[in-house]
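> My questions are about this predicted structure, shown below with the sequence.
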Amino acid sequence: MLRQEKILVAQVALILWIFIAIAMFAVLSPLRAFLLTYVIGYLLLPVEVVGDNTFVGSIYLTQSLRIDKLTACNLAALLGTLIFAPHLIQRYRLHWVDAAYFIATAGLFLTSLVNGLGAKDGLSQGVEMLRQFLPLMLLSRLYLTTASSLYEAMRAIIGGAFVYAFVAVAEWRLSPFLHNLLYGYFQHSFDQFMRYSHFRPVGFLRHALEMSFFLGTASAMAGWLWYRKLLTPLWGTIPPWGVLLTLVCGLALTMTYSGYAAFLLLVSVLCLLVLMRSRWVLLLLPVMAVFWMTGRYTNQIDASLLLNTTNYFDADRSESLQYRLEAERANIDDASHHLLLGKGANGIAREDGGGFVRAVDAWWLIEITFYGLVGIVGWYMIWGSGIVDSIRRWHQLTPDLQTLAAIIALMVGAQFIDFLFNSFPSPFLLMLDMGLLSTLRFYKPMPAASPMPATWPVDELQMVPEVMP
């Protein structure tokens, strides 16, 4: 009985957050209310756990219409905007990313039709994708239209990561207990959260992998802004070096390689960007991801070097990775017969004994297996849109916006690399990516010596002295 009551707490929390967030739009500036709605909501609301025809931690209306944490944030931000800031809707401008999203959504419907699953299944898949991602994508393009608003979004995300660093300390020491304590259930299989005689923190996210990647990208973002002299004291009191040190310590305690890899990759590529001073460095991580996917699909890339390297550091991780890669091979071979639109709900390959190959963990593999080339190309066009527009307009940007565009583009590239092995798309990176599109769309080049218009004191956002070609 206690468990049922606790699960009800999760549903109450979702409803309360919608009203609390709308109230924030009434008392705060629209931008600040928008950012707090997503940052606090996503980092604190319950995680939806999907079982066999069961949905825990969300409000179930239909299978495709469920109010989970991201949907609750979407609803609150949409209603808050319509009620208290309807004038922002006039900022919307069509962009080629809208066509990419339409292609990805239409592909879901066509996949269901060609696989005999029916139009109802296709509509259900499309509605689910619309409720999850479309509001965030559109609202980000309405609110994040200047370099100053983009910078404020980055600081809000860094603030959330700063708090989560302390969550990492607590759960590393005591076990992942906060979600169960507040909502009455654990969001995953608990046996995956022990490593090297310590616990892997998760907070209120879906998995330790997601938390580690979040802290890894936030640490790199804070470090880059600090290096470019753009990171001011957090909340006016915590010095930049203290913020960065706290984030790196929190990342270290996640005990998870996805965040370590993201952080090290970003630091390495940022160093390369500083040395080469070339916009084309922004393409390095996405090109690496596409090269890996193509090589694995055509069976031209042998992963033995990766397995041997992993085995050198951790034999257990090597075994897990080998199982994933074997499952990847089985699913790729099966998906090759339905390359254009995928297999829909019938996507997971079967073993010789008839059982499913369960390890479909990589986001790119999920997309190409279930939704084919149409699905994966559509989504990679969406995620890569900020990178493309940044490179295209690079020479028109002043150094301050180059600094912001560079780290956002590279973090999206790190998300591409993470997609090769995991399937936790970051709503924060999607927000920054769409905000970058809108900022570049409204941006008008200014002389390098001119101060940048900002919503905070101008001296908080210093101009970077050199322009990277």
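Good, I have the coordinates. Numbering: from 1, shown residues only.
> Just give the nearest non-adjacent residue to A414, would you?
Closest residue to A414 apart from its sequence neighbours, by C-beta to C-beta, 6 or more residues apart in numbering: A262 at 4.6 Å. In this view, the C-beta of every residue, glycine as well, is placed from N, C-alpha and C.
> Please, which helix or strand holds the nearest residue to T62 once chain neighbours are set aside?
Leaving aside its chain neighbours, T62 sits nearest to S124 (7.8 Å; criterion: C-beta to C-beta, 6+ apart). According to DSSP states H and E, S124 maps onto helix 119-143.
> same for that helix, what does it pack against?
helix 30-44, helix 69-84, helix 96-114, helix 427-442 (3 or more C-beta pairs under 8 Å, 6 or more residues apart in numbering; DSSP states H and E).
> Least confident of those, on average?
Note on those: helix 96-114 shows the lowest mean pLDDT, a mean of 92.
> next one: whichever strand or helix holds Y151 to chain centre, how far?
Following DSSP H and E, one finds Y151 within helix 147-174. Relative to the chain's own centre, helix 147-174 is displaced by 14 Å; criterion: C-alpha atoms, centre = their mean, to the nearest Å.
> list the buried ones in the helix or strand following that helix?
Counting by DSSP H and E, the element after helix 147-174 in chain order, helix or strand, is helix 178-183. Neighbour counts over helix 178-183 (16 or more other C-beta atoms under 10 Å) mark L178, H179, Y183 as buried.
> tally of neighbours for the residue lying closest to S112 once chain neighbours are set aside?
Nearest non-adjacent residue to S112, counting by C-beta to C-beta, 6+ apart: G122, 3.4 Å away. Around G122 there are 22 other residues, counting by other C-beta atoms under 10 Å.
> when you give positions from now on, start the count at 873
With the count now opening at 873, the last piece we talked about shows up as G994.
> Contact partners for G994?
If you count contacts by C-beta atoms under 8 Å, 6 or more residues apart in numbering, G994 has them with L980, F981, L982, T983, S984, L985.
> can you do 7 Å?
The neighbourhood of G994, defined by C-beta atoms under 7 Å, 6 or more residues apart in numbering, consists of L980, F981, S984, L985.
> gap between it and W1251?
G994 is 17 Å from W1251, where distance means C-beta to C-beta, to the nearest Å.
> Then F1086?
20 Å.
> And L1119, by the same measure?
For L1119, the distance to W1251 equals 28 Å [C-beta to C-beta].
> Turn the buried residues of helix 1050-1055 into CSV, including pLDDT and distance to T1170.
Output for those, formatted as CSV (pLDDT from 0 to 100; distance: C-beta to C-beta, whole Å):
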residue, pLDDT, distance to T1170
L1050, 97, 44
H1051, 96, 41
Y1055, 95, 45
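> Tell me which stretches of the stretch 1023-1172 of the chain form helices.
Ranges of helices in the stretch 1023-1172 of the chain, per DSSP state H, counting those that start in this stretch, are 1050-1055, 1080-1099, 1112-1124, 1129-1148, 1156-1169.
> Would you tell me which of those gets closest to L1022?
helix 1080-1099 (11.6 Å; C-beta to C-beta).
> quick one, phi psi at the residue nearest to E1082 when sequence neighbours are not counted?
Distances taken as C-beta to C-beta, 6+ apart place F1296 nearest to E1082, at 4.0 Å, with adjacent residues excluded. Main-chain torsions, F1296, degrees, to the nearest 10: phi -130, psi 80.
> how close does F1296 get to D1305?
In terms of C-beta to C-beta, F1296 sits 15 Å off from D1305.
> Just want to know which of those two has more residues nearby.
D1305 (26 against 19).
> and the gap between the more buried one and M1148?
In terms of C-beta to C-beta, D1305 sits 23 Å off from M1148.
> Pretty sure the residue nearest to T934 sits against R938.
No: counting by C-beta atoms under 7 Å, S996 does not reach R938; the two are 11.2 Å apart.
> so where's the protein uncertain?
873-879, 1217-1232, 1317-1341 (pLDDT under 70).
> can we see that at 80?
873-879, 923-925, 1174-1200, 1202-1203, 1205-1208, 1217-1232, 1316-1341 (pLDDT under 80).
> okay, now the domains of it?
Per automatic domain parsing, the structural domains of the chain span 873-963, 965-1341.
> L1077 is in contact with L1050, correct?
No: taking contacts as C-beta under 7 Å, L1050 lies outside contact range of L1077: 10.7 Å.
> A1019: what's it in contact with?
By C-beta under 7 Å, 6+ apart, the neighbours of A1019 are D1272, L1273, L1276, T1311, M1324.
> Now those residues in JSON lines, please, with extra columns for secondary structure and distance to L1237.
Below are those laid out as JSON lines (DSSP: H, G, I helix; E, B strand; the rest coil; distance: C-beta to C-beta, whole Å):
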{"residue": "D1272", "secondary structure": "helix", "distance to L1237": "38"}
{"residue": "L1273", "secondary structure": "helix", "distance to L1237": "35"}
{"residue": "L1276", "secondary structure": "helix", "distance to L1237": "32"}
{"residue": "T1311", "secondary structure": "helix", "distance to L1237": "32"}
{"residue": "M1324", "secondary structure": "coil", "distance to L1237": "42"}
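> I'd like those residues as CSV, with distance to L1144 and neighbour count appended.
As requested, the contacts of A1019 are exported to CSV (distance: C-beta to C-beta, whole Å; neighbours: other C-beta atoms under 10 Å):
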residue, distance to L1144, neighbour count
D1272, 21, 22
L1273, 20, 25
L1276, 18, 27
T1311, 24, 27
M1324, 26, 17
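> Measure how buried the residue nearest to A1286 is and give me the count.
27.
> That concludes my questions; thank you for your assistance.
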